[in-house]
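A.B. asks: how would this look folded up:
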Amino acid sequence: KTVPVRVLATMASEDPLIPLLRVKGGVFDEDSTGFAAKKLVWFRDTDGAAGFCRGSIKETKGDKVVVEQDGNHRRHEFSELAVDKVNPPKFDQSEDMAELPNLNEAAVLYNLQDRYASNLIHTYSGLFVVIVNPFQRLPIYTDDVINLYKGRRREDRPPHIFAVADQAYRDMLQEDEDQSILCTGESGAGKTENTKKVIQYIAHIAASGKSTNRTERKAAQVAQSRRKTVGLALTTSNDLERGQLENQLLRANPILETFGNAATVRNDNSSRFGKFIRIQFNAEGFIMGASIDTVLLEKSRVVTQSSGERTFHAPYQLLKGASKELKAELLLEDLDSYKYIASKRYDLDEIDDITEWGETNEAFKVYGMSEEEIKEVWRVVASVLTFGQLEFADGPGDSHQATLTNDAAAQKAASLFGINAAALTKSLTKPRIKAGTETVQRAQSKEQVDLAVKALAKSIYEKLFLWIVQRINNSLDQCRGRGSKHFIGILDIAGFEIFESNSFEQLLINFTNEKLQQLFNRRMFVMEQEEYKREGIDWEFIDFGLDLQPTIDCISGKQGLLPILDEQSIFPKATDQTLVQKFDQCQKASTSYVKTNLKMKGDFAVKHYAGEVVYSIDGWLFKNRDPLNDNVVTLLKESTNPFMQTLWSASAPVTHSARQRGALRTVAGLYITQLKELMDTLNNTTPNFVRCIKPNHLKKPGVISPQLILDQLRCGGVLEGIRIVRKGFPNRVLYQEFRQRYQLLTPGAIPKGFVD
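C.D. replies: Residues are numbered from 1 along each chain as shown. Model prediction:
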């Protein structure tokens, strides 16, 4: 149950370390001799439900051991290598899993389970923090808790996302280096919520109006004054005290979530795009502005959704929340009449679309948008829905000439687009193309027209989304880079995905995570080895980033999957089948590529760091080309609606359909460019890692699914990190403790009064 705030205040006054953040010491003490005698070990649960079971070794037979399972007293025989030691009780609910004397998968899972049962959702694992989604509100993000972490060393406070944020902020100032905080995890793990907490913390300590320091107070007042001049100041009495960046960025969240989030089978508010939030600071550490970069919007969701899932929240908010007058003006119909809203899952347990409609429009106003401008945004959403209502049929006999069968829908769509209905229909069914020096009309079949409509609908929505992001950035980045010395970047991006059916989108997401994991491996072990060097330990350098290089080369190398896909996308006669054949031919020598076989339910597989993923290649060439009907694009550029013209103007944010050096820019091509820019940025920062874990699919507090957590620990690189640490020196102890314990063995080795 949620602890009331007044109770929290009492606990805070009694103990500065709130019980929800740290377990009381001394609870798990046990005689070490008695524990060792039990010979406790972990072994894999044969049913798989519990992940691991605990038992004690009763007999040893060569390289085999007989283990008696706790609880039911059943006996099992295992190889010695198939069991792992249990840690002594004093390490139960350990705050840093890297300090566990027996570091193994079972120990990590048990520690996380045990802490989660006590509502201790934050746990360190060496250089990063693991956060298990509590699926409930916990009073551990208040101003009082912020003050517990402000300026404190990590080891002096319990694990917390605030500790990561504070470390990044202090390192930026002290080391004079840009920082990044990488939040990863699967859908529903809490990435976006933890991103908000980082923003909340940084805004509080870097622009806190409550500070007694006159310089800090003045900086916050100047920030408030600057925003007033552009009509962005908020009106509540607590705004100055809460920090302006927090207010501005949190007001951006309702907008971004409306147009970029959707309900999936796992999460009612899943982010279907990645974002990198860059918070800019001056030399004194005060916030100067912010900007948001976005990657990989899942625009295919605009026109199609899997069973039990929804399209983006925006259409539902519009159709449920708009007034009758606005619905009439935007020519809207009932919610269940639109083809682009395929799923009948209209209502959500965790989200009220009508309430969110109001919050989205209020947030628009915070960013200085007029009522008319807001209406134009919703007009584009309505136009995409209506455009999807167009229906076509093939001509009689052998004729492949498509014809429009519902002129009313075309009239509505054209009206919303601000173009001529007859011209729209003709451009779709008989587009004019260049044939040598002449321009001719080409007949289009029903299938071709349907695909063209979907491609245009996706592109229009994507352009609207990118325009909204640009509009937010224009408001947030008041300094325009002037006076900005360093930044902290916060990455919120989809984690590694393995579904029953994995397509083009999963390959892109998984490749992104492959690159991030390589960054994680290199960064983590570089820091490990620097510590070994400081300690004077004899050590041979190991580059763990190279472990992932074969898979990275398999996907993006010269003969990688994405370059081959781009190459094949140029050829009109290329098919999905010829694409797979090309993959098989070019990846013969790759150790990360697996050809299809009778057991495989797909066309090929890739061995990622998190596991082997089977991919189905249906529609990859079309998805990569995502061609737009140039005739319709020309009409939209010349629309009588100024806002529609703006979306298609040369100054609009670049989408995949932009042409570069005369060649069509593919989805894969733009993605590789965006990923390179992101990785270049991250490589020039000091990264801080946050791994978000979803404990169960039921979205219920207190419920643990062991195998689900193990899969995420593997996909999130936590187990990989443990492997790296174990290659080095996983067991370490502070010098003072080491001296106290072992100096009696060599009484003359350390001079009296010597201090390290």
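
A.B. asks: tell me which helix or strand comes right after the helix or strand hosting S383.
C.D. replies: Assigned by DSSP states H and E, S383 belongs to helix 371-387. Next helix or strand after helix 371-387 toward the C-terminus (DSSP H and E): strand 392-393.

A.B. asks: pull up the pairing partners for the helix or strand following that following strand, direction included.
C.D. replies: Scanning forward in sequence from strand 392-393 by DSSP H and E, the next helix or strand is strand 403-404. Paired strands of strand 403-404, with direction, are strand 392-393 (antiparallel) (DSSP bridges).

A.B. asks: and the strands in the stretch 651-756 of the chain, which stretches?
C.D. replies: 659-660, 663-664, 686-693 (DSSP state E, counting those that start in this stretch).

A.B. asks: pLDDT weak spots in the stretch 351-500 of the chain?
C.D. replies: 478-483 (pLDDT under 70).

A.B. asks: and the strands in the stretch 101-250 of the chain?
C.D. replies: Under DSSP E, counting those that start in this stretch, the stretch 101-250 of the chain gives strands at 122-125, 128-132, 179-184.

A.B. asks: including mean pLDDT, mean neighbour count and distance to T311, could the ones you listed go into CSV?
C.D. replies: Glycine gets a C-beta too; all of them are placed from N, C-alpha and C. Below are these laid out as CSV (pLDDT from 0 to 100; neighbours: other CB atoms under 10 Å; distance: least, CB to CB, whole Å):
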stretch, mean pLDDT, mean neighbour count, distance to T311
strand 122-125, 94, 24, 34
strand 128-132, 94, 24, 29
strand 179-184, 94, 25, 25
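
A.B. asks: any chance of those strands in TSV, plus distance to Q740?
C.D. replies: Shown next, in TSV, are those (distance: least, CB to CB, whole Å):
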stretch	distance to Q740
strand 122-125	24
strand 128-132	30
strand 179-184	36
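
A.B. asks: now for those, which one comes closest to R739?
C.D. replies: Smallest distance to R739 across these (CB to CB): 24.9 Å, for strand 122-125.

A.B. asks: residues contacting the closest one, please?
C.D. replies: 21, 94-98, 108, 111-112, 115, 129-132, 154, 158-161, 691, 718, 721-722 (CB atoms under 8 Å, 6 or more residues apart in numbering).

A.B. asks: now, of the residues you listed, which are buried?
C.D. replies: 21, 94-95, 97-98, 108, 111-112, 115, 129-132, 154, 158-161, 691, 718, 721-722 (16 or more other CB atoms under 10 Å).

A.B. asks: give me every residue that touches the most centrally placed residue in the chain.
C.D. replies: Centroid-nearest residue in the chain: I493, 2.1 Å away (criterion: CA atoms, centre = their mean). Taking CB under 8 Å, 6+ apart, we find I493 in contact with 183-184, 191, 274-275, 295-296, 512, 516.

A.B. asks: mind doing that once more with 10 Å?
C.D. replies: 182-185, 191, 271, 273-276, 294-296, 509, 512-513, 516, 678 (CB atoms under 10 Å, 6 or more residues apart in numbering).
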